[in-house]
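S.K.: Fold the following, please.
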Amino acid sequence: MSNRRKFLKQASLASAPFILPSHVWAAKGDSSPNNRINVAVIGPGKQGRSHVHRLIRNPRAQVTGFAEVAQVRADHTK
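M.R.: Residues are numbered from 1 along each chain as shown. You can find the predicted model right below:
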């Protein structure tokens with residue numbers, strides 16, 4: 001009987017990260033720089049331009065660069 005109880009206890013502990021919401025595991029206070037996402041956009045074009053602007057306004061994302069073949073689109077995205 002103790003083997004079964006031990007198994008159930010270990011199984012429930014092992015499954016906790018998948019069951020509990022992420023905010024339970026999150027640390028309180030300031031967020032770490034590791035929580036910031038660096039993004040590079042390749043060929044944003046017309047539609048991707050709005051994505052770049054949204055990423056720039058997002059405090060948890062940092063646009064590190066983008067590449068666009070058409071110089072006109074690249075200038076407009078900046």
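
S.K.: Correct me if wrong: Ile37 contacts Gln62.
M.R.: Yes - when contacts are counted by C-beta atoms under 8 Å, Ile37 is listed as touching Gln62 (7.1 Å). In short, each C-beta sits where N, CA and C put it, glycine included.

S.K.: how about stretch 62-77: buried residues?
M.R.: Buried residues in stretch 62-77, defined by neighbour count with 16 or more other C-beta atoms under 10 Å: 63, 66, 68, 73, 77.

S.K.: Report all helices and strands that the strand or helix carrying Leu55 contacts.
M.R.: When elements are defined using DSSP states H and E, Leu55 is found to belong to helix 45-57. For helix 45-57, the contact count by 3 or more C-beta pairs under 8 Å, 6 or more residues apart in numbering; DSSP states H and E identifies strand 37-42, strand 61-67, helix 71-77 as packing neighbours.

S.K.: Tabulate those (CSV), appending distance to Val52.
M.R.: As requested, the helices and strands packed on helix 45-57 are exported to CSV (distance: least, C-beta to C-beta, whole Å):
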stretch, distance to Val52
strand 37-42, 6
strand 61-67, 6
helix 71-77, 6
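
S.K.: Let me know how buried Ala61 is, in neighbour terms.
M.R.: Taking other C-beta atoms under 10 Å as the neighbour definition, Ala61 ends up with a count of 14.
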